[in-house]
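Student: Sequence and computational prediction follow.
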Amino acid sequence: MEECKLVLMGFGSVGQGVAKAVAMQKEKINDKLGINIKIVAVADSSSSAINPDGLDEHLLVETKNEKGKLGEYPEFGTDISGVDVLDNVEYDVLMEQTPTNIDDGEPARTLALKAFSQGKDVVTSNKGHLALNYQELDEAAKANNVMFKFEASVGGAMPIINYARDALSGNKIISIIGVLNGTTNYILSRMTSEGSSYPDTLKESQLLGIAETNPTQDVEGIDAACKAVILSNSVLGVPATYNDVEVEGISNITSEAIKLAKENGYLIKLITEVSPKALKVSPRLVKQGSSYDISGTLNMATLKTDLADEVTTVGKGAGSLETASAMMTDLITILRTK
């Protein structure tokens, strides 16, 4: 392969991060692998920009932020959107980062299945379709002899899926326990350090752009539960769906409870547990100074193995370029097989 044509579906924060990452890394990838990467189509929720000869990454970001829609991209903007984009351009890899939908997994599920049917590899940061339809997607990718990569769906820039599959491939992963949501970790960390209330800290995190305007998926544990399902299926090999997870969020945590825990040498963290016997997301007490004692938007996970005992990985769990970095790693993995 001398050239790799990318289609980007979804052009919010993560999609724009992917475009920026491609601009930053494409020369290095060409030098190392001899493959020229170019973006030939990008779609937002209502329009797209399509050019078989390649689109300018910086102009894509500029157009979206200044004009509001990719259909305004000079000369190559179109009203084509959704899955129809995949029928209107020749491409090699779908980079999918549409918003997570835990109700039915769309449009990510349909986009992935369409790309698989066309014989294309897929890289995604999405969680919804994986949490609801992991087995279907995995089987469809295998049936079409294509690669399906989703490192960014769990830990952002924190390596975990590829780490478990590659660096720890000589081990059996027995369980995974960790802090897998950066928003809730930020809120609980601030409540601990500042003594502030949950409502005030949530409002602060929203003003900083750490929490969404509607923070339900994060603060009620839904995001972490999706990640638990993905890890159960992909790392432990234990089939699971979202409905198998026992979920409790942090909205009932009080500053008084955090103060009491702190006085006794403990912290309260939203912990995700993944094992053959348990899929659970809940606030738990952890010891100060332990590996779970991380602050801000950091994520961490401890993988218990049969040979290497416990191995812990840490990294930023959210952010535009941070998430894009995991997607670029998956893309490079695909390119190395070509």
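Tutor: Received, thanks.

Student: Please, where are all the helices along the stretch 151-300 of the chain?
Tutor: In the stretch 151-300 of the chain, the segments counted as helices under DSSP state H, counting those that start in this stretch are 152-155, 161-162, 182-194, 198-207, 216-219, 222-231, 255-263.

Student: what about the residue nearest the centre of the chain, distance to residue 318?
Tutor: In the chain, the C-alpha nearest the mean C-alpha coordinate belongs to residue 153, at 2.6 Å (CA atoms, centre = their mean). Distance from residue 153 to residue 318, counting by CB to CB, to the nearest Å: 12 Å. (Glycine included, C-beta is placed from N, CA and C.)

Student: Tell me which residues touch residue 46, please.
Tutor: Contacts of residue 46 were listed using CB atoms under 8 Å, 6 or more residues apart in numbering, and they are 69, 71, 79, 81.

Student: still on that earlier bit, winner for burial among the helices of the stretch 151-300 of the chain?
Tutor: Highest mean neighbour count of the helices of the stretch 151-300 of the chain: helix 152-155, a mean of 29 (counted as mean count of other CB atoms under 10 Å).

Student: Quick check: residue 229 touching residue 238?
Tutor: No. Residue 229 is not in contact with residue 238 according to CB atoms under 8 Å; the separation is 9.8 Å.

Student: thinking again about what came up before, and the residue nearest to the centre of the chain, what is it in contact with?
Tutor: Applying CB under 8 Å, 6+ apart to residue 153 gives the contacts 124-127, 130, 226-227, 230.

Student: Check these and tell me the two furthest apart.
Tutor: By the measure CB to CB, the contacts of residue 153 have their two most distant members at 124 and 227, which lie 13.4 Å apart.

Student: Any buried residues in stretch 91-102, and which?
Tutor: Neighbour counts over stretch 91-102 (16 or more other CB atoms under 10 Å) mark 91-98, 100-102 as buried.

Student: same thing with stretch 305-317?
Tutor: In stretch 305-317, the ones that count as buried by 16+ other CB under 10 Å are 305, 311, 313-317.

Student: Closest one to residue 173 out of those residues, please.
Tutor: Of all the buried residues of stretch 305-317, the one sitting nearest residue 173 is residue 305; the distance, using CB to CB, is 5.8 Å.

Student: Excluding chain neighbours, what is closest to the closest one?
Tutor: residue 171 (3.8 Å; CB to CB, 6 or more residues apart in numbering).

Student: What's the local residue count around the one you found?
Tutor: As a burial measure, the neighbour count of residue 171 was computed by other CB atoms under 10 Å and equals 16.

Student: I'd like to know how far it sits from residue 209.
Tutor: Counting by CB to CB, the separation of residue 171 from residue 209 is 38 Å.

Student: Contacts for the helix or strand residue 21 falls within, please.
Tutor: Applying DSSP states H and E as the criterion places residue 21 in helix 13-33. Around helix 13-33, the neighbours that count as contacts under CB under 8 Å, 6+ apart are 6, 8-9, 11, 35-39, 42, 44, 57-58, 60-61, 64-65, 95, 97, 125, 152, 319-325, 327-328, 332, 335-336.

Student: Wasn't residue 304 part of a strand?
Tutor: Yes. Using DSSP: H, G, I helix; E, B strand; the rest coil, the secondary structure at residue 304 is a strand.

Student: Please name the bridge partners of it.
Tutor: Beta bridges link residue 304 to residue 175, residue 310 when assigned by DSSP bridges.

Student: Quick check: it touching residue 175?
Tutor: Yes. Counting by CB under 8 Å, a contact exists between residue 304 and residue 175, whose distance comes to 4.7 Å.

Student: Could you double-check that residue 148 lies in contact with residue 122?
Tutor: Yes. The pair residue 148 / residue 122 is scored as a contact, 5.2 Å apart, by CB under 8 Å.

Student: So for those two, which sits in the more crowded spot?
Tutor: It is residue 122, of residue 148 and residue 122, that has more neighbours when counted by other CB under 10 Å, with 27 against 22.

Student: and the helix or strand hosting that one, which residues are buried?
Tutor: Counting by DSSP H and E, the element that carries residue 122 is strand 121-124. Burial within strand 121-124, assessed by neighbour count using 16+ other CB under 10 Å, is assigned to 121-124.

Student: Then stretch 14-25?
Tutor: 14-23, 25.
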